[in-house]
Every structure is written in structure tokens, then in C-alpha cells.
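>>> sequence first, predicted model second:
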Amino acid sequence: MYAFELRAAWKTTVIWIAVLLGYSAMILTMYPSLKEPFQQLIDTMPPGTQQTMAAMGLPMGLIGEGAAGFFALISTNLIMVAGLQAMMLGMRVFHKEWRDKTADFLFTRPRTRMIIYLAKSVSSLTMLAATSVVYIAGIFGIMAALGGSFDAARLLQVCLICPLIQWFFWGIGVLSGITMHKIKAVLPVSLGVVFGLFIFGFIAGSTQVDWLRYLSPFQFYVNGTVYYKGFDGTLLTLGLIIPAFLAASALLIYKRKDIPSV
């Protein structure tokens, strides 16, 4: 079953990787021509606007940190796309059994629900791990091809936001896929959750109210903060534990829930 799930997901995973790396390559190759206009734009920004952007974790000073700093500034959209991929993958791997009305057949096989759950979960996590590895290697490859020096440690920290966000939204996706079996498609739900939390995180960052940061994973790993200061230990721990709790809850529901054939 693990191999079957991998075969079912690998083509989609390749597309997601191509989107992430294609966008990254396009933006990074434009950095030399964009650096001066960006700097001029920053110079004309009111101090209040710059302070607000800095409070949201996007200090305009990143543009002066070379291509790596520029990548940290503009890669927020990439992180949102990676989160969408993770939630859709985690959700679809379970939801499709209800959508295709094959749940009853699946549970008549000589496998426990625990084995089925683990096979599906590990296969989806394998695809996400492959995405992150190729993505990070690709970013470093693009940076090397552009030439010039960059802080590899800081760039790596920014790149690691991708798998951390994927882990979080994968947990949400798995729980949603098991509990929301009546929905017809996973894209609208996944898009709504990811984009909603992204917007909420953007608003939470601008308000400078500390406790609001705990309500959006996008505020757990803010690009500018991670680039300059590294990961916040408390938020990093929460970002690892919460998805594990969601996945464990999903397993309990999966083992006990009656699975309708229609």
C-alpha cells in the first residue's frame, strides 16, 4: 500500500516541486535588476510603513543582504504554496477513499486500520520530504549559479521554514481528510484554510500582539526573524508538537470511526 500511494502521488509532487523551484529561479535571477528599484522604493517609504513591515517579520533591510536576504523577503509566497501542497496531500490520501467509495473494500483487506493509516501517512510524508530536499538543494544550486557570496547558514534556516510549514499543514490535512469525508474536493477547503491562516498571520504580525502569533503557523516561522535571529524555541516546539497531536487524533478517529460505503 505504501508503494501504491507513492505511485499515485509522485507526478503531482513533481509538479509542485517544479512550481516552487521555477518561481524561485525566476525571482532570484531578477534580483540584480530589482535590487536598485527596490532600494529606491524603500527609501521613499514612510518610517511607519517600514516599522510595520519589520513588525510583520519582513524588514526592508533584507534587500541589502544580497540574494539570500532578497530570497527571505520574497519567499513568503513560496511557503504558502508549500503549505497548500502539504494540506492537500495529507487530506487527499484519506479523503479519496470516501470520494471513490472504496473505504469498505479497503477495510476488508487483511490489514489493520493502523497499518493502513501508517502506510498512507508515511507515503504522504515521504513525498513532502522529497519536495523539501529537492527544493532546498535547488535553492542552493540557483544561488551558486548566480555567483557571489551568501550566508549559507542563514539561507538554510529560511529554506527550512518550508518543511516546517508543510509538517504543520499536513497534520491539519490528515485530520480534515478523516473527519470531513462528505466534502467533494480537497482544494477549496485546503485553499481556504491555508490562505485564511496566512491572512490572519499577516494581520497578527501587524498588530504586534504577542499572543496572536500562536494562532497562525505562518507567525511561528517569520522569514525576516528567522534570517536574522534563527527560530524561536517555543514556537518551533509548538510547531512540531501540534501537527503530531493532530495526526495522533486523526489515528484514533480513523481506528474507531464507522466507514460508510456511500
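Nice, I can see it.
>>> report how many residues lie close to Gln157.
19 (other C-beta atoms under 10 Å). For the C-beta atoms, the positions are set from N, CA and C on the backbone; glycine is no exception.
>>> name the helix or strand for it, please.
Here Gln157, judged by DSSP states H and E, is contained in helix 152-159.
>>> alpha carbons of that helix, as PDB, please.
Extracted as PDB, the C-alpha positions of helix 152-159 are listed here (Å, rounded to 0.1, in the frame of the first residue of the first chain):
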ATOM      1  CA  ALA A 152      24.700  29.600   3.800                       C
ATOM      2  CA  ALA A 153      23.600  29.100   7.400                       C
ATOM      3  CA  ARG A 154      21.000  31.900   7.200                       C
ATOM      4  CA  LEU A 155      19.800  30.800   3.800                       C
ATOM      5  CA  LEU A 156      19.400  27.200   5.100                       C
ATOM      6  CA  GLN A 157      17.300  28.500   8.100                       C
ATOM      7  CA  VAL A 158      15.000  30.300   5.700                       C
ATOM      8  CA  CYS A 159      14.700  27.200   3.500                       C
END
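>>> any buried residues in that helix, and which?
Within helix 152-159, the residues scored as buried using 16 or more other C-beta atoms under 10 Å are 154-155, 157-159.
>>> all helices of the protein, in order?
Read by DSSP state H, the chain holds these helices, from start to end of the chain: 2-29, 31-44, 47-55, 66-74, 76-99, 103-107, 113-146, 152-159, 161-179, 186-207, 223-229, 233-256.
>>> tell me the helices and strands packed up against the helix holding Gln157.
Using 3 or more C-beta pairs under 8 Å, 6 or more residues apart in numbering; DSSP states H and E as the contact criterion, the elements in contact with helix 152-159 are helix 66-74, helix 113-146, helix 223-229.
>>> how many degrees apart are that helix and helix 66-74 in direction?
Between the direction of helix 152-159 and that of helix 66-74, the angle (axes from the mean of the first three to the mean of the last three C-alpha atoms, to 10 degrees) works out to 20 degrees.
>>> what residues does helix 152-159 touch?
68, 71-72, 75, 135-136, 139-140, 143, 223, 226-228, 230-231 (C-beta atoms under 8 Å, 6 or more residues apart in numbering).
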